[in-house]
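Trainee: Fold the stuff below for me.
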Amino acid sequence: MNTDVILKAENLDFSYDEGRSYALKGLSLELKRGHKIIFMGANGSGKSTFFLCCAGVCKPQRGRLYFNGKEIAYDKKSLLELRSKVGIVFQDPDNQLFSASVYQEISFGILNLGVSEEQAKKEVETVITNLEITPFRHKPTHALSGGQKKQVSIADILVMHPEVIFLDEPAAALDPKHTRLVNQIVNQMTDNGITVVMSTHDVNYAYEWADEIVLFHEGSVLFQGIPTDVFRNHSALNKTNLDVPIVMELFERLCKKGILDRSLPYPRNMETLELYIENIR
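Mentor: Here you go, the predicted structure:
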């Protein structure tokens, strides 16, 4: 296997109802180490199920999954090793948080990895500071706001220093302030070399942020590529009910009117598009 590939799936099938229907069907893909990867597709297309399989929560009925070139065996020893390196943050943090207080919640995972209490305390304090959790570090988890719960659920995983983290719609139901904070935390992860795989319905965010986008449709990969290639594939967008990002649409309209030169690279954000316009002579 290519050493740049951190996770690989081969012909995965997964069913929640003993084969009457499939959440994953013949799914194959490769995810590159250190990349920022977005999964997109309609609800029920298999994104969350794939995340659960990669994190060892669900076991595919057919096919193989590889992490760092080694097939995931799904036995107790292999799963313990996998879960120390691959983390998942659920869309609803209430499905993830179970300790009485924030500090206990963040400490739980790393202590179960066999780390000394002294080292665990140091790691917990670091992640509490980095994720701006200090003001509510001793609050009961049930008393937190939705945004605070999301911060803690991410801290749960980051404190264990994963190589890969799966984020299932991390900004879902968050207010603008906490959405910005979560996006800031995600950028910190990628700056630290963590491979981040995220599901979202936000085409504008995906287009600007991702190195690669994977489109899911009916339990398999419909299309995978760099953002500009994905959002120029109108057939795939129609099947997955996705729109063209605003920046891309504006650029194409300005090119069509002859205002901008079509030979210019597609702008990935509004700032780049503004520079193109400012440089018109």
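
Trainee: Helices of the protein, residue ranges please.
Mentor: 47-54, 76-83, 102-111, 117-130, 146-158, 176-191, 203-209, 227-231, 234-239, 246-256, 270-278 (DSSP state H).

Trainee: I'd guessed Phe67 sits against Leu7; true?
Mentor: Yes - the pair Phe67 and Leu7 qualifies as a contact (Cβ atoms under 8 Å) at a distance of 5.8 Å. Heads up, the C-betas are built off the backbone N, CA and C, glycines and all.

Trainee: Now do the shared contacts for those two.
Mentor: Residues touching both Phe67 and Leu7 (Cβ atoms under 8 Å, 6 or more residues apart in numbering): 54, 164.

Trainee: gap between the residue minimising distance to the centre of the chain and Pro170?
Mentor: The centre of the chain sits closest to Met198, judged by Cα atoms, centre = their mean, with a distance of 1.7 Å. Note on Met198: its distance to Pro170, by Cβ to Cβ, to the nearest Å, is 6 Å.

Trainee: Residues in contact with both of the two, list them for me.
Mentor: In contact with both Met198 and Pro170: Val186, using Cβ under 8 Å, 6+ apart.

Trainee: check contacts around Leu31.
Mentor: Counted by Cβ under 8 Å, 6+ apart, Leu31 has contacts 5-8, 37, 164, 195, 197.

Trainee: Switch those residues over to TSV; also include neighbour count, pLDDT and distance to Thr126.
Mentor: Below are those laid out as TSV (neighbours: other Cβ atoms under 10 Å; pLDDT from 0 to 100; distance: Cβ to Cβ, whole Å):
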residue	neighbour count	pLDDT	distance to Thr126
Val5	16	96	30
Ile6	23	96	24
Leu7	23	96	26
Lys8	18	97	32
Ile37	22	98	26
Val164	24	97	20
Thr195	21	97	20
Val197	27	98	23
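
Trainee: Out of those residues, name the ones that lie in strands.
Mentor: 5-8, 37, 164, 195, 197 (DSSP state E).

Trainee: circling back: among the contacts of Leu31, which one lies nearest to Arg83?
Mentor: The closest of the contacts of Leu31 to Arg83 turns out to be Val164 (Cβ to Cβ; 11.1 Å).

Trainee: and that closest one, how far is that from Ile133?
Mentor: 22 Å.

Trainee: Over to Ser78?
Mentor: 32 Å.

Trainee: Comparing the two, which shows the higher neighbour count?
Mentor: Ile133 (21 against 15; other Cβ atoms under 10 Å).

Trainee: Check the gap between the residue nearest to that one when sequence neighbours are not counted and Thr195 for me.
Mentor: Excluding its sequence neighbours, the residue lying closest to Ile133 (Cβ to Cβ, 6 or more residues apart in numbering) is Gln151, at 5.7 Å. Look at Gln151 and Thr195: by Cβ to Cβ, they are 21 Å apart.

Trainee: what stretches of the protein score poorly on pLDDT?
Mentor: Across the chain, the ranges flagged by pLDDT under 70 are 1-2, 281.

Trainee: How is it divided into domains?
Mentor: By the record's domain assignment, the chain is partitioned as 1-85+162-241, 99-160, 245-281 (automatic domain parsing).

Trainee: The first one: how far from the chain's middle?
Mentor: The reference is to domain 1-85+162-241. Relative to its parent chain, domain 1-85+162-241 has a centroid offset of 6 Å by Cα atoms, centre = their mean, to the nearest Å.

Trainee: ditto for the last one
Mentor: A distance of 29 Å separates the C-alpha centroid of domain 245-281 from that of its chain, computed with Cα atoms, centre = their mean.

Trainee: Just grab the bridge partners of the nearest residue to Pro162 once chain neighbours are set aside for me.
Mentor: Take Pro162 and drop its neighbours on the chain: the residue closest to it by Cβ to Cβ, 6+ apart is Gly87, 4.2 Å away. Going by DSSP bridges, Gly87 is paired in beta bridges with Ile165.
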